[in-house]
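**Student:** Structure here, sequence nowhere to be found:
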């Protein structure tokens, strides 16, 4: 049966070479009847039907080939077959929908396999991307899978490859989504952030463009690339962002462009007058320009900010700096600090004994520098960036030529720039206590006024009642007097009336005493209640202060933990990035070496072939028709009248090279393999087959 099949293969292929499509189809159908699962036979039938112009039959044969590859889980070959089908009917809606559903099916299958078999899922994604390299959802899912596997930089490389294939003019939204995904995976990826900023600028999305440029500026400053940082800052300012003047001032200062730095910080301070970092840089810029008076005025502004924020230790340090620059300055006297600061008065200083030797001075300064560096590093690790900046700036004043200080200062400002989100400011305990005492006094005053008003109204009511009673008594006495006048003598009547009046007067006096006593008791009771209220409020104040201080300490601990975690993550990413780049360089070097060996071996093989052809008489050309490795139909070669367009089809080209290799026609196989590698440099399957041929030849 194998001999009959070989004869059929040669016969069918000879008809194919002659262009006799009808007879070729007849012979290939006989082969298909012998082995229905031979995909090469169905592929040749589909190719012949396509050349004949019978699209319907060609599509049926291609569909059989695609189903066979699907059963073997060869996803990339299935999609390549469907691409060939689309060349026959480019706008067929059913076929387009079938391709879409097929890709969706493979992507869904890969997504389900991610947790069970990540390697198999990755293989499916790669197969889909081999056929559809610009498929966005496939690239994103593959990148996420790589992140799950810990291959962060491979994921970034995948997304950047997708971004390079998208048109920024017509696919702006997709491109922005991909670049933002890259920025989230790799925050220090400069290329992605530059492209994202440029994309937002072109799209006139000003807010997003400014945010991207600010991120770029921070990365450039952290990497000490001040030229690019300046360019990015100027672009952000051109877009209307005044806050970028702060970064621009830092950039100019580190470039020793002190005049430009001064101008930038002054523009920034017009927006944020109390920004201590900008004020300190401005003061140093004035000092570098030998404008001491202006620097003193800036330090006075810093002192005012520290004083009103109750940062007394920092205020005292700034006050000392001012007095060192201007001993007669009167502006510092208006700030009453808790601890007195000794005025700088060198003319009244006590006699100084003979100083230490130069070696001792150098040693002392070295110890002081080391102590300052340790203290600043401690502040930085704890997240107290302002204190660390103060120490570094003070060191720059004392030792302007000391190396490494400017780099450390840039690193701290980069940390400050990343954490410039508004932070909730809690009032200090003294402010809380003063506010609560003020509320207590107001409440006590209101309650006393209310009680006094009530007592006064009660007194008025009692006086009115007493006057009414006296008036009534008077009327009663007058009535009785008139009656008595009529009945008795005037003397007896007066005496009786006097006694009655005295009795009434005594009653009124006792009533008045009782009212006064009740008033005193009410006042004492009110006083006791107020004292109890005051004690309760003070207790609440203490509890609130303790609670606020506890929450603040807890937040500081959490912030410190987060900063430590971010720093550790950044260090790990740098190590991984370097490792990935080294591995990639090693792989590229290995590939280059293998390619060189392959090219050298191929050249030697060609030379041997030429020697053999020169030393032996020419033989008749063999019929280049041979069975496939599975005993299937042959694929047409590039010689012997083979249609040239066949070699243009990547789907059949590799099969043809495999047939040549099986027949021992290594030079012809090497030519096709070399052409495939020129078009697909990363085709490891072809590269391995080349190595096998060279090893077989002993090269």
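**Tutor:** Perfect, thanks for sending it. Predicted model only: the values in this text are computed from it and were never measured. Numbers count the residues shown, from 1 in each chain.
**Student:** so where is the stretch 401-550 of the chain shaky, pLDDT-wise?
**Tutor:** 403, 417-437, 439-440, 481, 484-485, 487-491, 493 (pLDDT under 70).
**Student:** Could you list the low-pLDDT ranges of the stretch 551-699 of the chain?
**Tutor:** The model of the stretch 551-699 of the chain has pLDDT under 70 over residues 591, 594-595, 602, 605-606, 609, 612-656, 659, 662-664, 682, 697-699.
**Student:** Let me see the ranges of the helices in it.
**Tutor:** For the stretch 551-699 of the chain, applying DSSP state H, counting those that start in this stretch gives helices covering 644-647, 650-663, 666-679, 684-696.
**Student:** Domain map for the chain?
**Tutor:** For the chain, automatic domain parsing gives the domain ranges 363-418, 429-554, 602-696.
**Student:** hang on, residue 691 packs against residue 598?
**Tutor:** Yes: contact status for residue 691 versus residue 598: in contact at 7.0 Å, counting by CB atoms under 8 Å. All C-beta spots, glycine's among them, are computed from the backbone N, C-alpha and C.
**Student:** quick revisit: select, out of the domains of the chain, the one closest to residue 169.
**Tutor:** Ranking the domains of the chain by their distance to residue 169 (criterion: CB to CB) puts domain 602-696 first, at 27.9 Å.
**Student:** counting contacts, what elements does the helix or strand where residue 492 lies pack onto?
**Tutor:** For residue 492, the host element (DSSP states H and E) is helix 490-615. In terms of contacts (3 or more CB pairs under 8 Å, 6 or more residues apart in numbering; DSSP states H and E), helix 490-615 is packed against helix 152-165, helix 358-382, helix 429-487, helix 666-679, helix 684-696.
**Student:** rewinding a little: could I get the domains of the chain in TSV, plus columns for mean neighbour count?
**Tutor:** Below are the domains of the chain laid out as TSV (neighbours: other CB atoms under 10 Å):
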stretch	mean neighbour count
domain 363-418	16
domain 429-554	12
domain 602-696	16
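**Student:** Distance to residue 66 added to those, as CSV?
**Tutor:** Below are these laid out as CSV (distance: least, CB to CB, whole Å):
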stretch, distance to residue 66
domain 363-418, 52
domain 429-554, 63
domain 602-696, 11
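**Student:** Minimum distance to residue 102: which of these has it?
**Tutor:** Within the domains of the chain, the stretch nearest residue 102 is domain 602-696; the backing value is 16.7 Å (CB to CB).
**Student:** Per-residue confidence, residue 40, what does it come out as?
**Tutor:** We have a pLDDT of 80 for residue 40.
**Student:** same thing with the one 4 residues further on?
**Tutor:** In this prediction, residue 44 carries a pLDDT score of 83.
**Student:** Need the three-state assignment for it.
**Tutor:** When classified by DSSP: H, G, I helix; E, B strand; the rest coil, residue 44 comes out as helix.
**Student:** Settle this for me: it is touching residue 27, isn't it.
**Tutor:** No: the pair residue 44 / residue 27 is not scored as a contact, 9.9 Å apart, by CB under 8 Å.
**Student:** out of the two, which sits in the more crowded spot?
**Tutor:** More crowded of residue 44 and residue 27, by other CB atoms under 10 Å: residue 44, with 30 against 24.
**Student:** rewinding a little: helix 666-679 and the helix holding residue 492, what's the angle between them?
**Tutor:** Put simply, helix 490-615 runs at 160 degrees to helix 666-679, going by axes from the mean of the first three to the mean of the last three CA atoms, to 10 degrees.
**Student:** Against residue 235, how distant is residue 210?
**Tutor:** 9 Å (CB to CB, to the nearest Å).
**Student:** So residue 497 sits against residue 478, correct?
**Tutor:** No: Residue 497 is beyond contact range of residue 478, at 9.2 Å (criterion: CB under 8 Å).
**Student:** residues in contact with residue 396?
**Tutor:** Residue 396 makes contacts with 284, 402, 405, 406, 409, as judged by CB atoms under 8 Å, 6 or more residues apart in numbering.
**Student:** Could I get those residues in CSV, plus columns for secondary structure?
**Tutor:** Shown next, in CSV, are the contacts of residue 396 (three-state DSSP):
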residue, secondary structure
284, helix
402, coil
405, helix
406, helix
409, helix
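**Student:** ok, the residues you listed vs residue 527, which is closest?
**Tutor:** residue 284 (59.4 Å).
**Student:** Quickly note the distance from that closest one to residue 400.
**Tutor:** 10 Å.
**Student:** repeat for residue 204
**Tutor:** Between residue 204 and residue 400 the computed distance is 45 Å (CB to CB).
**Student:** go on, residue 483?
**Tutor:** Going from residue 483 to residue 400 by CB to CB gives 115 Å.
**Student:** With residue 273 instead?
**Tutor:** Distance, residue 273 to residue 400, by CB to CB: 28 Å.
**Student:** mind listing the helices in the stretch 201-350 of the chain by residue range?
**Tutor:** In the stretch 201-350 of the chain, the helices defined using DSSP H, counting those that start in this stretch lie at 206-222, 226-238, 244-254, 258-269, 276-288, 292-308, 312-325.
**Student:** The helices and strands packed on helix 490-615: which one's closest to residue 199?
**Tutor:** helix 152-165 (9.8 Å).
**Student:** Tell me which residues of that closest one come out buried.
**Tutor:** 152, 153, 154, 155, 156, 157, 158, 159, 160, 162, 163 (16 or more other CB atoms under 10 Å).
**Student:** Show me which positions of the helix or strand that it is followed by end up buried.
**Tutor:** Going down the chain from helix 152-165, the next helix or strand is helix 172-185, by DSSP H and E. Neighbour-count burial for helix 172-185, counted by 16+ other CB under 10 Å, picks out 172, 174, 175, 176, 178, 179, 180, 181, 182, 183, 185.
**Student:** Let me know the closest of the residues you listed to residue 292.
**Tutor:** Distances from residue 292 to the buried residues of helix 172-185, taken as CB to CB, are shortest for residue 183 (44.8 Å).
**Student:** Distance check, that closest one against residue 163.
**Tutor:** The spacing between residue 183 and residue 163, counted by CB to CB, is 11 Å.
**Student:** Need the overlap of contacts for the two.
**Tutor:** Common contacts of residue 183 and residue 163 (CB under 8 Å, 6+ apart): residue 192.
**Student:** Enumerate the positions of stretch 194-204 that are buried.
**Tutor:** With burial defined by 16+ other CB under 10 Å, the residues of stretch 194-204 counted as buried are 194, 195, 196, 197, 198, 199, 200, 201.
**Student:** Repeat that for stretch 201-219.
**Tutor:** Buried residues in stretch 201-219, counted by 16+ other CB under 10 Å: 201, 208-219.
**Student:** which other residues reach that stretch?
**Tutor:** Contact partners of stretch 201-219, identified using CB under 8 Å, 6+ apart, comprise 168, 172, 176, 183, 187-188, 190, 193-194, 196-197, 200, 228-229, 232-233, 235-236, 239-241, 244, 247, 414, 417-418.
**Student:** if you average pLDDT over it, what comes out?
**Tutor:** 84.
**Student:** what about it, distance to the chain center?
**Tutor:** Put simply, stretch 201-219 sits 14 Å off its chain's centre (CA atoms, centre = their mean, to the nearest Å).
**Student:** could we number from 522 for the rest of this?
**Tutor:** OK, 522 is where the count begins now, so the last one is stretch 722-740.
**Student:** So which of the helices of the stretch 722-871 of the chain has the densest surroundings on average?
**Tutor:** Comparing the helices of the stretch 722-871 of the chain by mean neighbour count (mean count of other CB atoms under 10 Å), helix 765-775 ranks first with a mean of 25.
**Student:** Report the contact partners of residue 1178.
**Tutor:** Per CB under 8 Å, 6+ apart, neighbours of residue 1178: 1189, 1190, 1193, 1194, 1197, 1207, 1210.
**Student:** again, 7 Å this time
**Tutor:** Residue 1178 makes contact with 1190, 1193, 1194, according to CB atoms under 7 Å, 6 or more residues apart in numbering.
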